[in-house]
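Engineer: Need a 3D model of the sequence below.
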Amino acid sequence: MAEGGDRKPERTRHLLHVMPTFAPGGVQIRVAYLINHMPRIVPQMAHVRHTIIAMDGDFSCESRLAPDHGVDIRKPPAAEGLPGRIRAYRDEIRRLKPDLMLTYQWGAIEWALANRFSPLCPQVHLESGFGAEEADRQLARRVWMRRLALGHVRAVVVPSTTLAAIAERDWWVPRDRIRYIPNGVDCEKYARPPVEGAVPGFVKQPGEKIVGTLTPLRPEKNLSRLIRAFAAVVADPAVGPARLLILGEGMERPKLEALARELGIADRVLLPGHVDRPEEALGWFDLYAISSDTEQMPNAVNQAMAAGKAVAGVDVGDVKVIVSPENKPYVVPKGADEAFAGAIKTLLIDDEARAAIGAANAAHVRAHYALKGMVEAYVPIWS
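Structural biologist: Numbers count the residues shown, from 1 in each chain. Sure, this is the predicted structure:
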């Protein structure tokens with residue numbers, strides 16, 4: 001190797017990320033974390049440039065990228081019909097000449113198919129969970145498409161043990177090509193005190209307790225379950241003053257607002273919309289609740305644990321796996337809605353238990369799901 005001034009500069013490596021959307025969500029926030037933090041934590045990864053293609057043209061998660069991110073963000077090429085899209089995607093891959101293509105979720109599976117035969121570049125596929133249409137079982141046509149499209153990929157990356165088992169059993173991905181990488185969280189960032197004004201229109205009142213959640217307002221999140229449970233909880237005078245704070249935006253808003261009115265708790269249910277800096281808001285919660293019909297390893301649960309919050313939840317994906325042992329009894333079976341309400345009520349009433357579980361969660365997430373570990377695990381994926 002040449003020394004001193006004769007050393008050859010590192011060649012810039014080009015990664016192409018194709019995802020259904022770049023709107024804020026667990027997958028998109030994780031990608032932003034990796035782009036922002038990998039060069040700092042792993043200096044040899046500084047020589048990487050990124051192109052992000054969002055299939056729906058929504059790039060609002062760009063706000064989570066560092067101000068000088070230098071990421072090329074673009075819409076997909078327009079084309080009609082599956083054969084036309086496959087041709088267009090292959091042409092775009094040829095034009096961009098990535099060193100590695102990363103496809104995310106079902107919404108990018110056609111790009112994997114476009115690169116399936118006579119591959120134009122190495123490829124990794126990343127799956128993080130399912131939408132409402134596959135909350136209870138996978139759709140057969142999607143299973144077969146994944147089997148076909150993922151037959152050549154270098155690796156399939158999943159954040160949960162549940163999804164790792166599905167990839168091997170249902171999609172026929174060889175075990176040695178499955179990479180289980182749990183989501184990581186910036187523990188210091190989410191352990192900070194809350195900031196006044198971080199949640200538009202919200203001011204915490206003296207003596208009140210806040211049940212909170214951070215999630216897009218989508219059907220599979222089943223926020224109706226959470227609102228109904230909260231209505232049952234606050235009907236008990238022993239709970240005292242309490243409000244439900246749902247941070248997120250999406251198509252379910254009218255339905256959720258109507259349900260809160262129907263249950264007579266509209267004044268206790270706040271839907272202030274998307275909060276761009278959740279680390280400034282999570283501290284206002286006394287208890288974190290997750291009511292989804294389908295999850296794998298939700299980032300927001302990691303963030304809530306890093307903020308020192310106890311979690312009341314539904315046992316889907318790895319939700320029960322990732323919380324601390326002390327918190328596991330408060331993650332109840334899917335469909336046990338009375339038990340879910342009971343978990344929320346017990347944790348709201350018992351201040352001492354709630355604080356102890358929150359502290360256990362904070363220690364647990366630092367030990368097992370810190371951001372540095374996730375970033376380091378992605379280095380061989382991106383290399």
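
Engineer: hey, where'd the strands end up in this protein?
Structural biologist: 13-19, 48-54, 72-74, 100-104, 123-126, 155-158, 178-180, 209-214, 242-247, 269-273, 287-290, 311-315, 331-333 (DSSP state E).

Engineer: In contact with the closest residue in space to Val233 that isn't next to it in sequence, which residues?
Structural biologist: Nearest non-adjacent residue to Val233, counting by CB to CB, 6 or more residues apart in numbering: Lys345, 4.5 Å away. No exception for glycine: its C-beta is placed from N, CA and C like everyone else's. The contact partners of Lys345, taken as CB atoms under 8 Å, 6 or more residues apart in numbering, are Ala232, Val233, Asp236, Val239.

Engineer: For stretch 203-215, buried residues please.
Structural biologist: Residues of stretch 203-215 classed as buried by neighbour count (16 or more other CB atoms under 10 Å): Lys204, Lys209, Ile210, Val211, Gly212, Thr213, Leu214, Thr215.

Engineer: Could you count how many residues lie near Pro119?
Structural biologist: Applying other CB atoms under 10 Å, we find 15 other residues in the vicinity of Pro119.

Engineer: Wait, it touches His152, no?
Structural biologist: Yes - counting by CB atoms under 8 Å, Pro119 touches His152, with 5.8 Å between them.

Engineer: Packing partners of the helix-or-strand element of the chain with minimal mean pLDDT?
Structural biologist: The weakest-scoring helix or strand in the chain, judged by mean pLDDT, DSSP states H and E, is helix 26-41 (a mean of 89). Contacts defined by 3 or more CB pairs under 8 Å, 6 or more residues apart in numbering; DSSP states H and E place helix 26-41 against strand 13-19, strand 48-54, helix 299-306, helix 371-382.

Engineer: Adding distance to Val269 and mean pLDDT, write the ones you listed out as TSV.
Structural biologist: Shown next, in TSV, are the helices and strands packed on helix 26-41 (distance: least, CB to CB, whole Å; pLDDT from 0 to 100):
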stretch	distance to Val269	mean pLDDT
strand 13-19	31	97
strand 48-54	31	96
helix 299-306	18	94
helix 371-382	32	92
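
Engineer: Need the winner for burial among those.
Structural biologist: helix 299-306 (a mean of 27; mean count of other CB atoms under 10 Å).

Engineer: Residues touching that helix, excluding its own?
Structural biologist: Outside helix 299-306, the residues within contact range by CB under 8 Å, 6+ apart are 26, 29-30, 183-187, 189-191, 213-215, 278-279, 282, 285, 288, 290, 311, 313, 319, 322-324, 361-362, 364-366, 369.

Engineer: Going by neighbour count, which of the residues you listed are buried?
Structural biologist: Looks like the contacts of helix 299-306 have 26, 29-30, 183-187, 190-191, 213-215, 278-279, 282, 285, 288, 290, 311, 313, 319, 322-324, 361-362, 364-365, 369 buried, using 16+ other CB under 10 Å.

Engineer: Out of those residues, list just those in helices.
Structural biologist: Gly26, Ile29, Arg30, Cys187, Tyr190, Val319, Ile322, Asn361, Ala362, His364, Val365 (DSSP state H).

Engineer: and of those residues, the nearest to Ser383?
Structural biologist: Distance to Ser383 across those (CB to CB) is lowest for Arg30, with 17.8 Å.

Engineer: looking at it, that closest one is touching Pro182, isn't it?
Structural biologist: No - proximity of Arg30 to Pro182 does not meet the contact threshold set by CB under 8 Å, at 10.7 Å.

Engineer: wait, Val99 sits on Gln123?
Structural biologist: Careful, residue 99 is Asp and not Val. No - Asp99 lies out of contact with Gln123 (CB under 8 Å); the separation is 10.9 Å.

Engineer: Neighbour count for the two, which is higher?
Structural biologist: Neighbour tally, Asp99 and Gln123, criterion other CB under 10 Å: the higher count belongs to Gln123, 25 against 16.

Engineer: In contact with the more buried one: list those residues for me.
Structural biologist: Leu100, Met101, Leu102, Thr103, Ala112, Asn115, His152, Val153, Arg154 are the contacts of Gln123 under CB under 8 Å, 6+ apart.

Engineer: any idea how far it is from Arg177?
Structural biologist: 11 Å (CB to CB, to the nearest Å).

Engineer: hmm, back to that, adding distance to Met145, write the strands of the chain out as a markdown table.
Structural biologist: Output for the strands of the chain, formatted as a markdown table (distance: least, CB to CB, whole Å):
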| stretch | distance to Met145 |
| --- | --- |
| strand 13-19 | 15 |
| strand 48-54 | 19 |
| strand 72-74 | 25 |
| strand 100-104 | 12 |
| strand 123-126 | 12 |
| strand 155-158 | 14 |
| strand 178-180 | 18 |
| strand 209-214 | 31 |
| strand 242-247 | 34 |
| strand 269-273 | 35 |
| strand 287-290 | 29 |
| strand 311-315 | 28 |
| strand 331-333 | 31 |
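
Engineer: what pLDDT does the closest residue to Pro272 other than its chain neighbours get?
Structural biologist: Once flanking residues are discounted, Pro272 sits nearest to Pro200: 4.9 Å by CB to CB, 6+ apart. Model confidence at Pro200, given as pLDDT, is 91.

Engineer: give the contact list for Pro200.
Structural biologist: So Pro200 contacts Pro272, Gly273, Val275 (CB under 8 Å, 6+ apart).

Engineer: Could you report the neighbour count for the first one?
Structural biologist: Looking back up the chat, that one is Pro272. There are 16 residues near Pro272, going by other CB under 10 Å.

Engineer: Same question for the second one.
Structural biologist: Using other CB under 10 Å, Gly273 is surrounded by 15 other residues.
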